[in-house]
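A.B. asks: Here you go, sequence then predicted model.
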Amino acid sequence: MLILSVGGTPARAGAGEQYERPAARRTGVAVAVTAPTGHDRAMTDADDQHLRIDQSSTRSLLPFLVAAGVLVLVVVGIVVAALVSPVEKNVTDSDRLALASRKFLQSRSATGTLDDRVVCSGFDEQRSPLAPAKAGDGTAFDFVKLADPTLNGDKATAQVTFKTGDRESTSTWHFTHSGSLWLVCDS
């Protein structure tokens with residue numbers, strides 16, 4: 001039940017009924033209010049009704065199985081791609097020559113002695129690419145860049161720039177491919 005006072009005139013309307021003020025009929029202004037039903041008021045424990053959910057139909061696992069299958073295919077695809085094209089195979093010969101140059105310079109900077117693992121067999125220290133910079137006297141060498149690599153089978157040449165103190169030097173270095181590595185040669 002709704003008790004409504006509009007313009008000083010109290011009016012009553014039952015649940016779901018609409019009330020229209022009599023004075024509004026005379027003025028042409030309609031005021032209509034619908035009285036609240038049981039659904040509009042606050043719910044109490046007594047109003048709580050238990051809903052039965054029909055679970056007699058069987059549910060399908062198909063969507064979950066399809067999703068799991070797609071996931072497995074994606075993972076297998078990633079693994080196969082990694083095996084077919086490993087990262088180390090994406091390294092160019094220019095990158096490998098730069099690595100050989102860098103290792104040679106680090107070896108000469110650290111110890112001043114010749115490391116046989118970074119040079120080809122028969123390497124002559126007098127014809128070393130570092131000979132003008134006087135390798136072996138404790139001088140530190142830093143690799144700067146490798147440019148214009150030319151490969152011819154197991155032999156290669158490139159312009160290697162390295163830094164000694166504040167001075168940069170560029171010269172033609174010779175390399176030989178041995179096993180899976182490029183090694184620095186004297187000529």
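C.D. replies: Alright, I've got the coordinates.

A.B. asks: model confidence over the longest helix anywhere in the chain, on average?
C.D. replies: Scanning the chain for the helix with the most residues, using DSSP state H, yields helix 62-84. The predicted model assigns helix 62-84 a mean pLDDT of 93.

A.B. asks: before we move on, what about stretch 107-120?
C.D. replies: 75.

A.B. asks: Now do it: distance from first to last residue.
C.D. replies: 14 Å (CA to CA, to the nearest Å).

A.B. asks: which of the residues in it are buried?
C.D. replies: Neighbour counts over stretch 107-120 (16 or more other CB atoms under 10 Å) mark 107, 108, 109, 118, 119, 120 as buried. Every residue, glycine included, has its C-beta placed from N, CA and C.

A.B. asks: Mind telling me the two of these farthest from one another?
C.D. replies: Of all pairs drawn from these, the greatest distance, 19.7 Å, lies between 109 and 120 (CB to CB).

A.B. asks: Any stretches of the chain with poor pLDDT?
C.D. replies: 1-48, 86-89, 110-112, 131-138 (pLDDT under 70).

A.B. asks: switch to 90 and redo it
C.D. replies: Confidence mapping of the chain against pLDDT under 90 gives the ranges 1-61, 81-144, 146-148, 150-154, 161-172, 174, 177-187.

A.B. asks: in the protein, which spans are helices?
C.D. replies: Taking DSSP H as the test, the helices found in the chain are 22-27, 62-84, 93-110.
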